[in-house]
Structure formats: C-alpha cells, structure tokens
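Participant: following is a predicted model, sequence given first.
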Amino acid sequence: MIKKQKCVLYCELVFKTLYILDVLLAFNGYIAGNKAISYFNYFLVTFGGILLLLRAFHFRNYIKTSYFFLLIAFVASMVLSAALNVNYGYIQNIQSIVWTTLQFGMLFATDETIDRTEYKKQLKIIFVIFYFYIFIANLVSIAMFIFNYGVFGKYSPSGNIIGFLWGRLWGIYSDPNNGSALSGISIIISMCAYAHFKKKRYKVFLIMNIVIDYVYILLSDSRTGKLSTFAGVAVALYLLIKESKRIKFRSIVKNSLCALIAVFVSLSAFVVAKGFEKCYNSVAVYINSSSQSSDKYEVPIVTGRDSADTENDISNRRFDLWKSGVEIWKTSPIYGVSQRNILPYAKTNIPKTYMVNNDLGDFDSTHNLFLDILVSQGIIGLVIMLSFFACIAISIIRKLLSDKNFAIILSEPFNAAIVGILCSISCTSMFVLDVLYLNSAETILFWSCMGYLSRILKK
C-alpha cells in the first residue's frame, strides 16, 4: 500500500473515532444539549467533508461498493423532498442531507483497491472505543441505582433526567431506550469476543461486562432494548455455534437445532430477568417497610415503568404515531414532506393529526424507520431504501447457496458480531428513530458494519 493511501486511511480512522465519541457523548445525560457538542459537530462536518472530497477524486473505486448507487439515489430523493418543501424550512434539512451523505460516503462506501482487512482494523478500533465507553457508562449508571440517585429539571446539572427515576434507570444516558439498545450491542460484541479469545483473563472480563450490560437492560425496563438484544444475540449465537464440530448432525437438523438453542438461550435471559425483578422488588419492599427510621437509606425498588404507559395502549403511543404518519403521507405520497419539516407541515396542513395534537407534546418521528422514510421522502424514498435492503438480503442468500465456505466465514466471531449488530439495530429501528435521519452510535455502527458486510459478499 502506498504512503498516500495509508495517510488517507489514517485520517479516515481519526474521523470515525471522533465521530463515534461525539455521538456517544451527545446521548450522555450530563452533556446532551451542550453547545460544545454543536461546535464540535461543525468541525466534524468540515473534516469529513474534506475526506469525502478526496474520495470523490477516486469515485470509481468507491462506486463499486455493493449497491452504493442506491444510497446515492436515496440522498438525491432527500434533496428532492427538501426542495419541494422548502417553504416549511430548509436549514435542518440541509444539515440532515450533509450528515446522511457523510454516513453513506464515509462509513458505508469502501475503496475496492484497498484490502478489506484495513477496514476490519478500523471497525475493530471503533468497537473497542464503543465497548469501553458502554462498560464505564453502565458501571456509573448501576452505581446511581445502588445509591438511589435520580434528578431531573432544575435539580439536574444539565436539565436532563439522570440516574434512577420513576422505576427506570436512565443512568448517564439521556434516553433509557438508547442506553438499553447500546448495552445489547455491547453484549453481542462481548459474546463474539469470548468465542475469539483464548486467554482466561479476557474471558473473565467479557463475562463480567455481559452481566453489567444485562443488569442495565433489566433496570432500564426498555422493551425495545430487550427485543433488539434478543434478536441480535440469537442471530450471533446461532452463527457461532452453527459450525461447531461438537454438533454432528446433518445440515438441516444441525441448523434447526442451533437455531433452537440460540433462541432458547437468548429468550431465557429475559424470562429470568422478569423473575429476578419480582423477587428483588419483594425483598426491597420488605427491607424498606421494616426500617423504623425515615431518614435511613431506602433500598431502590425496580417497579418498572408506570403501568399507565401501557395499560390502555400496549404500544405506548406508537400505534397512534404510525396512524398519524400514514395520514401525513397521504397528503404528499410521492416525494413526502421532508424529514425535518414533518412538524411544520403537519401543523399547517393536518393540525388535528396525533403527532401535533395530543396530551404529551409534538412528535417529530413516527418511531418506525420505514414509515419515517415514507412520510419524509414518499414512495420514491421508500422504494429506493427497500430496494437496497432487498438487494443485500438477496446477495446473502445467493452467496450462501452458491458458496459453502461463505457460511463458515459468517460464523467467524468478528463476522458473527457484524451480523448480530445489524440485526439488533434493525430491530431497534422498528420502534425508535434510528439508522437514518439521526446522529447516533447505532447509526454509525449500522452503516460501518453494512459497509464491511458488502465487502464480505464480494470476496
């Protein structure tokens, strides 16, 4: 590899590490909303824009990335929707287009002339940074639960919810759903790293981290986090054990058995969690009730979220949001209303729709990836993105049917983690805004992993 390529790869690695740190801190309850993050974003956009411009000079090397042309078409669709709805606003749409272009152009697209191991090294470094941040964040968050610490509003140093409140653990995350989903990804990485490393000290640390992540998911009481973790862990575990030499059955029986084992292990973890929660609550209530002095420290109770959230609506408003999203889409079905203009568009044209007319406040997302695309970019945007995901899925199926070694390649710990993370984040995006239109750790991991998977499909 020539020195020029090495220099560019190093600069790109710096950009990616700064990017993942930026979004992790942006969802930190102590930092979220801080102006310093906004200023740093300007630097990141400038830095990433320069690197993207350098890539543009070698466009032919990157356009060969699997189905990259569909993502370019998707950005063009964003531009079209923003232009046709410019009377409702344009600044935020420009920002969204810029960040999406950076995510596709810098995270997903790879240079076909550079060996994929170079991108594997970059992704490993991103994993390590992500992994240790989540480890520390969850340790601090669990400590907040132990000491029954929880503040919000004027009592919070940042104005955000911090710690343990209303039966849920926010910890240092600005959103327990986000913290829970990230913890699930950390579990997937730990599980696959456990299969890779041989030294016991590494394995002990990885097991300890899985327990810490699992406890945070339990205390956050995030159904989205639990579901996405279940999906990602089940898929990654299936890939890890599928090629095991200890299971000596025919292919169909072996695959079925491995799938059942993976689902059972993943699902049982959350069945045990529910039982643990009930037992702990009973003990905590007994300890607190038996305390004679009111000034004594009270043991925190994991009551779970307020039953009013789901008593009459199991979806916790999501069904109403999805219905409202369809109502907005019907008024502009072809090119949409543009993502950052959903609120002003709805207030002007459909003021009675649920997203802007409810007892809680305005919603700027339908909390579903594909419905968000449909509302924001209409049928054009949805067809493009569905085509992209369909092409990736078909390529994987074809590769599995035509190349026996491909299944073995996917079962390697690092690749199993890639697939597990993609499944986990895909599941999350069905219930919260993720993957697109947002700067988050999940978005960075998704498009980075998707880019590496596209390289695996070609070799």
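Facilitator: Now that the structure is in, tell me what you want to look at.
Participant: backbone dihedrals for Asp359, please?
Facilitator: Main-chain dihedrals, Asp359, degrees, to the nearest 10: phi -90, psi 10.
Participant: do you know the pLDDT at the residue lying closest to Glu277 once chain neighbours are set aside?
Facilitator: With sequence-adjacent residues excluded and distances taken as CB to CB, 6 or more residues apart in numbering, Glu277 is closest to Val302, at 5.2 Å. (Each C-beta comes from the backbone N, C-alpha and C, glycine too.) Listed pLDDT for Val302 reads 71.
Participant: tell me the secondary structure at Val302.
Facilitator: Using DSSP: H, G, I helix; E, B strand; the rest coil, the structure places Val302 in coil.
Participant: what number of residues lie near it?
Facilitator: By other CB atoms under 10 Å, the residues close to Val302 number 18.
Participant: that one against Ser220, yeah?
Facilitator: No - between Val302 and Ser220 there is no contact under CB atoms under 8 Å: 10.1 Å.
Participant: wait, what's in contact with the residue nearest to Glu277?
Facilitator: Taking CB atoms under 8 Å, 6 or more residues apart in numbering, we find Val302 in contact with Gly167, Leu218, Leu219, Asp221, Glu277, Tyr280, Asn281, Ala284.
Participant: closest one of these to Ile379?
Facilitator: Closest approach to Ile379 among the contacts of Val302 (CB to CB): Asp221, at 37.1 Å.
Participant: from Asn341, how far out is that closest one?
Facilitator: Applying CB to CB, to the nearest Å, the value for Asp221 to Asn341 is 34 Å.
Participant: and for Ile384?
Facilitator: Plainly put, Ile384 is 19 Å away from Asn341 if you go by CB to CB.
Participant: ok, the two, which is more surrounded?
Facilitator: Comparing Ile384 with Asn341 by other CB under 10 Å, the one with more neighbours is Asn341, at 23 against 19.
Participant: just checking, that one touches Leu84?
Facilitator: No - the criterion here is CB under 8 Å, and Asn341 misses it with Leu84 at 10.1 Å.
Participant: mind giving me the packing neighbours of the helix or strand harbouring Leu44?
Facilitator: Leu44 belongs to helix 35-56 when assigned by DSSP states H and E. Packing partners of helix 35-56 (3 or more CB pairs under 8 Å, 6 or more residues apart in numbering; DSSP states H and E): helix 3-26, helix 91-102.
Participant: buried set for it?
Facilitator: Ile37, Phe40, Asn41, Leu44, Phe47, Gly48, Leu51, Leu52, Arg55 (16 or more other CB atoms under 10 Å).
Participant: save those residues as JSON lines, and put in pLDDT and distance to Cys427 too.
Facilitator: Output for the buried residues of helix 35-56, formatted as JSON lines (pLDDT from 0 to 100; distance: CB to CB, whole Å):
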{"residue": "Ile37", "pLDDT": "85", "distance to Cys427": "28"}
{"residue": "Phe40", "pLDDT": "90", "distance to Cys427": "30"}
{"residue": "Asn41", "pLDDT": "88", "distance to Cys427": "28"}
{"residue": "Leu44", "pLDDT": "91", "distance to Cys427": "28"}
{"residue": "Phe47", "pLDDT": "92", "distance to Cys427": "32"}
{"residue": "Gly48", "pLDDT": "91", "distance to Cys427": "28"}
{"residue": "Leu51", "pLDDT": "92", "distance to Cys427": "31"}
{"residue": "Leu52", "pLDDT": "91", "distance to Cys427": "30"}
{"residue": "Arg55", "pLDDT": "88", "distance to Cys427": "31"}
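Participant: in a markdown table, list the residues you listed along with distance to Glu118.
Facilitator: Shown next, in a markdown table, are the buried residues of helix 35-56 (distance: CB to CB, whole Å):
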| residue | distance to Glu118 |
| --- | --- |
| Ile37 | 30 |
| Phe40 | 27 |
| Asn41 | 27 |
| Leu44 | 22 |
| Phe47 | 20 |
| Gly48 | 19 |
| Leu51 | 15 |
| Leu52 | 18 |
| Arg55 | 15 |
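Participant: show me which of these is closest to Tyr214.
Facilitator: Tyr214 lies nearest to Ile37 out of the buried residues of helix 35-56, by CB to CB, at 29.4 Å.
Participant: ok, the closest one - contacts?
Facilitator: Counting by CB under 8 Å, 6+ apart, Ile37 makes contact with Asp22, Leu25, Ala26, Ile31.
Participant: any idea which element the last one lies in?
Facilitator: No secondary structure element spans Ile31, as it lies outside all helices and strands (assigned by DSSP H and E).
Participant: isn't it right up against Val23?
Facilitator: No - counting by CB under 8 Å, Val23 is not a contact partner of Ile31; they are 11.2 Å apart.
Participant: neighbours around Ser429, how many?
Facilitator: When neighbours are counted by other CB under 10 Å, Ser429 registers 24.
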